[in-house]
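Asker: Dropping a prediction and its sequence here:
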Amino acid sequence: MWRSPYYNMLGVIGGSGFYELLEKLEEIDLNTPFGRPSDKLMKGKIGDAQVVFLPRHGRGHKLPPHMINYRANLWALKKLGVKKILAPSAVGSLDKNIAPGTFVVCDSYIDRTKGRADTFFDGPEVRHISSVSPYCEALRQEVLSACAKVGVPTIAKGTIVIINGPRFSTVAESHWFSSLGASVIGMTGYPEVALANELGICYANISLVTDYDAGLHNEGGLAASSAVEILAVFKKNLENIKKVILDVIQNSRAMECAECLKKVELSKFN
Ligand SMILES: [Zn+2]
């Protein structure tokens, strides 16, 4: 069977520890109509699959969440033919039942960022993308089955609150987010997801819980974690996410996703 060179092209935003897994590694320096991505993109093969990695914060973690050029990042991945994006990110827990070390594969989000460029369509072309299912359901299921194989504690659904940062939430803000029923909180998930939606790229969030958010400290004995404890959880999460992503890459087979492309079709306004 003939296969396009972009067959099953997968993108991973984050995870600089993955480069060693790639064969025939190629560094790609791209400019986009929206400026430069966070860093060079690293393209290579893992088995049959073509994979592109992009460090969200740039190598050396130089870009804070509010300074990331999300549009350039997504545009660059699309340009290289990426059809699916796995987006792991470290988060805090807003729910006392979601312990550090858990992965949450979110199915919705609450955007609390401000001033971030969050659409490719500033006119004259106008789009209104549906956000009913912002995270690709098919890709979410692939991630969930990989998490089960790896044996990492996983929550199959949840809502992530994305704050602007770089500061963390106050106790009052954190209580408010928990009272809304949100599961986890981070600073980078938006507008990444909305931009992927606009481009018809399947996108799955994998929230890696490192600690409890401010509102849960001292509640039910959930004291704030020390830096040493957080680092230990962070490292364990990294080990697990590597295995999960490798499993998704090796088993992901679908070429196009009708659901995510349909969203783009329905978003056309003029
Ligand atoms: Zn999809």
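Answerer: Sure, I can see it. Numbers count the residues shown, from 1 in each chain.

Asker: count of neighbours near residue 71?
Answerer: Residues near residue 71, counting by other CB atoms under 10 Å, number 22. Glycine gets a C-beta too; all of them are placed from N, C-alpha and C.

Asker: Equivalent analysis for the one 10 residues further on, please.
Answerer: When counting by other CB under 10 Å, one arrives at 16 neighbours for residue 81.

Asker: Show me the strands in the stretch 51-200 of the chain, by range?
Answerer: 84-93, 103-104, 108-112, 154-155, 159-163, 184-186 (DSSP state E, counting those that start in this stretch).

Asker: out of those, which comes closest to the ion?
Answerer: strand 84-93 (7.1 Å; CB to the ion).

Asker: Give me the phi and psi for the closest residue in space to residue 101 that isn't next to it in sequence.
Answerer: Nearest in space to residue 101, with sequence neighbours left out and distances taken as CB to CB, 6 or more residues apart in numbering, is residue 233 at 5.4 Å. With angles defined as degrees, to the nearest 10, residue 233 sits at phi -70, psi -40.

Asker: what pLDDT does residue 233 get?
Answerer: Looking at residue 233, its pLDDT reads 91.

Asker: again with the one 10 residues further on
Answerer: In this model, residue 243 is scored at 94, pLDDT.

Asker: Report the secondary structure state of it.
Answerer: Recorded secondary structure, residue 243: helix (DSSP: H, G, I helix; E, B strand; the rest coil).

Asker: Now for it: which residues touch it?
Answerer: 146, 150, 152 (CB atoms under 8 Å, 6 or more residues apart in numbering).

Asker: let's see 6 Å
Answerer: residue 150 (CB atoms under 6 Å, 6 or more residues apart in numbering).

Asker: and the gap between it and residue 182?
Answerer: 27 Å (CB to CB, to the nearest Å).

Asker: Could you do residue 41 as well?
Answerer: In terms of CB to CB, residue 41 sits 32 Å off from residue 182.

Asker: Check for me that residue 224 belongs to a strand.
Answerer: No - per three-state DSSP, residue 224 lies outside any strand segment and is coil.

Asker: show me what contacts it?
Answerer: residue 217.

Asker: Use 822 as the first number from now on
Answerer: Understood, numbering begins at 822; the last thing we discussed is residue 1045.

Asker: where does it fall, phi/psi-wise?
Answerer: Dihedral angles (degrees, to the nearest 10) for residue 1045: phi -60, psi 140.

Asker: Would you mind writing the CA trace of stretch 855-870 as CSV?
Answerer: The C-alpha trace of stretch 855-870 is given here as CSV (Å, rounded to 0.1, in the frame of the first residue of the first chain):
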residue,chain,number,x,y,z
PHE,A,855,3.1,34.5,13.1
GLY,A,856,6.8,34.5,14.0
ARG,A,857,9.1,31.9,15.3
PRO,A,858,8.1,28.8,17.2
SER,A,859,9.5,28.2,20.7
ASP,A,860,12.5,26.4,19.2
LYS,A,861,13.7,24.2,16.3
LEU,A,862,11.5,21.3,15.7
MET,A,863,13.0,17.8,16.0
LYS,A,864,11.7,15.4,13.4
GLY,A,865,12.4,11.7,13.2
LYS,A,866,11.0,8.2,13.1
ILE,A,867,10.0,5.8,15.9
GLY,A,868,9.3,2.5,14.2
ASP,A,869,6.8,3.2,11.4
ALA,A,870,5.7,6.5,12.7
